[in-house]
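Asker: got a predicted model here, sequence first, then my questions.
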Amino acid sequence: MTKIQLILGSKLLITLSVFLLLVAFLYMLNNNSSKSNKLSNNPTLANNNLRSPLEDLTVPYLRSRKYFSKLGTLDKIAENSNYTSYLTNYDSDGFRINALLTVPAGNIPKKGFPAIVFVHGYIPPDQYQTLQRYIDYVDYLGRNGFVVFKIDLRGNGTSQGRPEGAYFSSAYVIDTLNAYSALQNANFINPKEIGLWGHSMAGNVVLRAMVVKPTIPATVIWAGAVYSYVDQTEYGIHDLSYVRPANAARFGSGRQSVFQLMGTPSANNTFWKTVAPTTYLNDLKGAVQIHHALDDTTVDIRYSEELNSLLNETPVRHEFYTYPTGGHNISGASFDLAMQRTVSFFDKYLKGE
């Protein structure tokens with residue numbers, strides 16, 4: 001064999017080897033892609049399918065991370081025969097989150113007080129104040145023997161951080177679960193008797209928090225919105241108090257950014273299924289109570305009706321109440337009945353009565 005033939009033979013061998021490696025690479029890429037597109041009962045997303053912050057929206061991600069916090073200094077601001085009120089704070093991923101804390105009067109029970117993380121609905125963040133709004137709601141729960149921890153979500157009022165909204169960010173879910181941890185680490189609270197209460201946008205926040213931590217024993221939702229995410233495209237939200245944040249242009253719209261990258265929510269979209277709390281309802285160990293007024297012009301009652309229908313298909317203990325009047329806040333004549341039902345629910349699932 002001549003020298004030229006040897007050179008040509010070597011080049012041919014190299015070319016063939018490169019070709020075979022390329023074919024093998026393309027086969028593996030296609031095979032992995034097919035596997036990642038298959039859904040399970042509780043879908044997850046491969047690490048290379050998403051990039052932060054989109055991955056941060058998903059329930060699998062939120063379940064994978066840790067939540068730890070403690071209450072800050074308690075500054076007494078008021079006292080009555082039923083409870084003492086304090087201003088305090090806690091840490092949520094490096095942000096100081098302010099809060100109002102009410103502690104029942106009397107001796108601390110042997111195992112500690114039952115407690116409720118109280119999550120507010122949308123209020124223009126720069127108008128939000130700790131000691132305004134939800135006064136009657138907190139008072140009613142406080143008078144019935146519960147520690148109430150009404151948190152000021154990040155960026156609201158003087159809490160640190162940026163107000164990111166509920167539906168297309170997990171920031172508020174993280175704030176809620178860190179608040180839960182802060183109560184669990186307080187020596188006057190029973191760590192097994194902590195529930196969640198959420199209004200309006202916080203319906204989404206507390207339900208997502210509950211599926212992230214399925215052992216939460218009880219969650220109450222008043223006039224909540226956005227559970228399957230497909231429901232938002234169908235029913236919308238008509239909040240006349242909404243104020244576009246001054247820095248929205250700088251940071252962009254969370255909703256638009258996610259839609260551009262992942263498409264609009266649909267029942268067959270893997271990403272949106274991992275974001276929607278309704279995907280994980282079967283995992284819940286605790287109970288859910290839902291309240292909604294028929295004349296709510298801000299959040300369509302069909303959000304609650306649909307969630308209740310989905311819960312009907314699961315073993316989750318749940319209750320659903322509607323009110324002829326009361327509007328978005330379930331106020332007026334409906335308020336006392338809704339609060340009585342809320343207290344009875346928390347008595348049953350937190351106090352074990």
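Answerer: Happy to help now that I have it. Residues are numbered from 1 along each chain as shown.

Asker: which parts of stretch 152-164 are buried?
Answerer: For stretch 152-164, a neighbour-count test (16 or more other Cβ atoms under 10 Å) marks 152-157, 159, 161, 163-164 as buried. Every C-beta, even on glycine, is put in place using the N, C-alpha and C of the backbone.

Asker: which members of those residues are the farthest-apart pair?
Answerer: Pairwise distances across the buried residues of stretch 152-164 peak at 14.9 Å for G157 and E164 (criterion: Cβ to Cβ).

Asker: can you redo the buried residues of stretch 152-164 as CSV with pLDDT, distance to L294 and secondary structure?
Answerer: Shown next, in CSV, are the buried residues of stretch 152-164 (pLDDT from 0 to 100; distance: Cβ to Cβ, whole Å; DSSP: H, G, I helix; E, B strand; the rest coil):
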residue, pLDDT, distance to L294, secondary structure
D152, 97, 31, coil
L153, 97, 28, coil
R154, 97, 33, coil
G155, 96, 33, coil
N156, 96, 29, coil
G157, 95, 32, coil
S159, 97, 34, coil
G161, 96, 36, coil
P163, 93, 30, coil
E164, 88, 31, coil
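
Asker: need those in TSV with distance to L337, can you?
Answerer: Conversion of the buried residues of stretch 152-164 to TSV gives the following (distance: Cβ to Cβ, whole Å):
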residue	distance to L337
D152	28
L153	28
R154	33
G155	34
N156	29
G157	30
S159	32
G161	36
P163	32
E164	34
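
Asker: which of the residues you listed sits closest to V206?
Answerer: Using Cβ to Cβ, L153 comes nearest to V206 of those, at 11.7 Å.

Asker: phi, psi of that closest one?
Answerer: Dihedral angles of L153 (phi, psi; degrees, to the nearest 10) stand at phi -50, psi 150.

Asker: kindly report the same for W222.
Answerer: phi -110, psi 120.

Asker: now it, which residues is it bridged with?
Answerer: H199, H291 (DSSP bridges).

Asker: for it, grab the count of nearby residues.
Answerer: 28 (other Cβ atoms under 10 Å).

Asker: what do you get for L207?
Answerer: So L207, with other Cβ under 10 Å, has 27 neighbours.

Asker: these two touch, right, it and P214?
Answerer: No. Look at L207 against P214 with Cβ atoms under 8 Å: they stay out of range, at 11.3 Å.
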